[in-house]
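**Student:** coords please:
(2 chains)
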Amino acid sequence: MACARLEAESYADPQLSSFIDQKFVPIGVHIKENPAGFHRFDSVWTPTALVLDENGKERHRIEGYLPKDEFAAQLLLGLARIAFMQKKWADAEKLYEEILQKYPNSEAAPESVYWKAVSHYKSTNDHTVLGEVPKTLQQKYPNSIWAKKAIPFAA
Amino acid sequence: MSVSWNKDIDAALSQAKTQHKPVLVDFSAAPA
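**Tutor:** The predicted model follows:
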C-alpha cells in the first residue's frame, strides 16, 4: 500500500507507523484494486493522503510525496484542524504547538504559528495574541504565505 | 513494521465512528 517512497520513508518508520496506528483508523486504497474508493473521495493524484474526522468528513488533504518529517507534521496539522473544527480550542492550540516543537523547520510550522494564535483567540477572545503573529512570522518564516496572511493582524 | 492498513472503507469508517478516532486514507498506485 502507499506510494513506494512514502512507504519506505514514512509508513515503514516504526515511530511514525506506530503514531498512525495509535491516532488514526488507517485505510489504504490502491487505485487499481479499488478505483471506486479512489473516486469516492475526489482523489485526482497519487500519492494522496486524507485526514478525516470520526464522522468521515475530510479535514486535511496531502497531495504528492513529502519527506517523513514534513509528512508527520502534516498529519499533526490534520489532527489540529479536526480539534479546531470541533471547537476544542485548547486541544488545537496544543497540537499546533507540538508541530512547532517537533518540526520547526517544516512547511507546517508557519501555518501552525497562525492557527495556534487563532485557536488561542477563539478560546479567550484576547486579540492581543493575534498582534504578535505577524512579528513572529516575519522573524522566523518571512517567505511563508502565512506571513502575508497575518499582515492584517498587525493593524 | 508498517501501518496496519484497512482495505474495507465502510468498515473502517464505522470503526472510526465507534471508537471516536480520526481516519487516515492513503491512496496509492504503487505495486502492492
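**Student:** element containing residue 27, please.
**Tutor:** Just going to use chain A. Using DSSP states H and E, residue A:27 sits in strand A:25-30.
**Student:** the chain in question should be chain B.
**Tutor:** According to DSSP H and E, residue B:27 maps onto strand B:23-28.
**Student:** contacts for that strand, please.
**Tutor:** A:1-3, A:6-7, A:11, A:20, A:24-31, A:38, A:41, A:43, A:46-54, A:56, A:75, A:78, B:3, B:5, B:9, B:12-13, B:16 (CB atoms under 8 Å, 6 or more residues apart in numbering or on different chains). Any C-beta I mention is one placed from the backbone N, CA and C, and that applies to glycine too.
**Student:** quick one, what contacts residue B:6?
**Tutor:** By CB under 8 Å, 6+ apart, the contact set of residue B:6 is A:25-28, B:12, B:15.
**Student:** pretty sure residue A:153 contacts residue A:135?
**Tutor:** No - look at residue A:153 against residue A:135 with CB atoms under 8 Å: they stay out of range, at 9.3 Å.
**Student:** of the two, which one has the most company?
**Tutor:** For residue A:153 and residue A:135, the more surrounded residue by other CB atoms under 10 Å in any protein chain shown is residue A:153, and the numbers stand at 19 against 13.
**Student:** most centrally placed residue in chain B?
**Tutor:** Nearest to the geometric centre of chain B sits residue B:6, at 4.2 Å (CA atoms, centre = their mean).
**Student:** what pairs with that one across the strands?
**Tutor:** Beta-bridge partners of residue B:6, counted by DSSP bridges, are residue A:27.
**Student:** quick one, phi/psi of residue 14?
**Tutor:** Here I'm looking at chain A. With angles defined as degrees, to the nearest 10, residue A:14 sits at phi -60, psi -40.
**Student:** switch to chain B, please.
**Tutor:** Backbone torsions for residue B:14, taken as degrees, to the nearest 10, come to phi -60, psi -40.
**Student:** next, count neighbours for the residue in chain B positioned nearest to chain A.
**Tutor:** For chain B and chain A, the shortest gap (CB to the nearest CB) falls at residue B:5, measuring 3.3 Å. For residue B:5, the neighbour count with other CB under 10 Å is 20.
**Student:** quick one: low-confidence ranges for chain A?
**Tutor:** Within chain A, the stretches with pLDDT under 70 are A:1-2.
**Student:** surely residue A:150 touches residue A:134?
**Tutor:** Yes - using CB under 8 Å, residue A:150 is in contact with residue A:134, at 4.5 Å.
**Student:** next to chain A, which bits of chain B? Give me the list.
**Tutor:** B:1-7, B:9, B:12-13, B:15-17, B:19-32 (CB under 8 Å from any CB of the partner chain).
**Student:** among those, which ones are buried?
**Tutor:** Buried members of these, scored by 16 or more other CB atoms under 10 Å in any protein chain shown, are B:2-3, B:5-6, B:9, B:12-13, B:15-16, B:21-28, B:30.
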